[in-house]
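Peer 1: sequence first, predicted coordinates after that:
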Amino acid sequence: MKIGTCVGLDSVEGLEQKLKTLREHDMEVCQLISWEPSVWTKENAYKVKDLLEKYQIKVSAFWCGWEGPLVWDFYDGQITLGLVPVEYRPMRIQNLCDGADFAHLLGITDVITHMGFIPENPNDPNFNTFCVAVRTVAEHLKKNGQYLLFETGQETPVTMLRCFEKVGTDNLGVNLDTANLILYGKANPVDSLDVFGKYVRCLHAKDGFYPVNGHDLGQEVPIGQGKVDFRGVFKGLQKLGYQGDVIIERELAENSQEQMKGILDTRDYLKNIIEEVYGGDTIC
């Protein structure tokens, strides 16, 4: 098990310095995050692969964004995010398939995205058509030997599980964002493992508070200062046999120097907890 962080892939030109910085701070793993379909070319895949080999960085997963509007709140988010809005669905199905093909060229098996505010009512007509869209993407990924991962947050754990059951493919999984379940007011991350724990393949380590009004998400805070019980999370993951990497995600508005300091402080905090729960030789 290794502790790493998220690395944005907005352009190949800017990636090398980011990977170099990781190595300078003894990090060997990351999650690539990209919202730029124009970057996902075969030529760029070869360049990215060369950089990853140069700096000996392993990519645990590819976080795939999509085109069109996006608003991170409880009102406009319902009509702009993920595959849920019908008007953006065809375009975003193609985005996810293209991003997965790019990841496949890099040898990455796990592709993550936010699916949007999945209808909690299984009788909602949009629930069924949404599941058809997910199945379309999942079947494309399956041809590549890849998994399609839902990042937690915008849906309750039961709603996510219901979607998995409805879609019916065997290559669906969960990217457990420990804070998002709280920020969106959907669940406690420790208890969520009782519902979808067997599907967890990747982990975003993040912290925050529950929403305090009906419009805005809760507030993200540095790890250890919010509501996430990280000992409880790792105890749950250990019981489930989780041996994957731990990816620190910092979405706080800071300059790059403060951002890295926060990531390193978080790494030390998490390392102590993981070694306590899993055993001293877990982090390598």
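Peer 2: Structure received.
Peer 1: just the strands in the protein please.
Peer 2: 3-8, 29-34, 58-64, 110-113, 147-151, 172-177, 200-205, 207-208, 220-221, 246-248 (DSSP state E).
Peer 1: list the buried ones in the third one?
Peer 2: Using 16 or more other CB atoms under 10 Å as the test for burial, strand 58-64 gives 59, 60, 61, 62, 63, 64. The way it works is simple: take the backbone N, C-alpha and C, and place the C-beta from them, glycine included.
Peer 1: now, the most widely separated pair of those?
Peer 2: 60 and 64 (13.8 Å; CB to CB).
Peer 1: correct me, but residue 48 touches residue 12?
Peer 2: Yes: with contacts counted by CB atoms under 8 Å, residue 48 reaches residue 12, the gap being 6.1 Å.
Peer 1: hey, where'd the helices end up in the stretch 101-250 of the chain?
Peer 2: 125-143, 157-167, 180-183, 189-196, 230-239 (DSSP state H, counting those that start in this stretch).
Peer 1: run the chain-centre distance for the longest helix along the chain.
Peer 2: For the chain, the helix with the greatest residue count under DSSP state H is helix 256-278. The chain centre lies 18 Å from the centre of helix 256-278; the measure is CA atoms, centre = their mean, to the nearest Å.
Peer 1: stretch 165-180 now?
Peer 2: 10 Å.
Peer 1: likewise stretch 32-40?
Peer 2: That offset, for stretch 32-40, works out to 15 Å (CA atoms, centre = their mean).
Peer 1: cool, and stretch 74-93?
Peer 2: 18 Å.
Peer 1: now that stretch: buried residues?
Peer 2: Buried, per 16+ other CB under 10 Å, within stretch 74-93: 74, 77, 80, 81, 82, 83, 84, 85, 88, 89, 92, 93.
Peer 1: buried residues in the longest helix of the chain?
Peer 2: Neighbour-count burial for helix 256-278 [16+ other CB under 10 Å]: 260, 262, 263, 266, 267, 269, 270, 273, 274, 277, 278.
Peer 1: check contacts around the fourth one.
Peer 2: Put plainly, it is residue 266. 205, 222, 223, 224, 248, 250 (CB atoms under 8 Å, 6 or more residues apart in numbering).
Peer 1: most neighbours among these, please name it.
Peer 2: Per-residue neighbour counts (other CB atoms under 10 Å) across those peak at residue 205, which has 28 neighbours.
Peer 1: just confirm it contacts residue 246, I think it does.
Peer 2: Yes: between residue 205 and residue 246 there is a contact under CB under 8 Å: 5.5 Å.
Peer 1: please enumerate the shared neighbours of those two.
Peer 2: Listed contacts common to residue 205 and residue 246 are residue 270; contacts here mean CB under 8 Å, 6+ apart.
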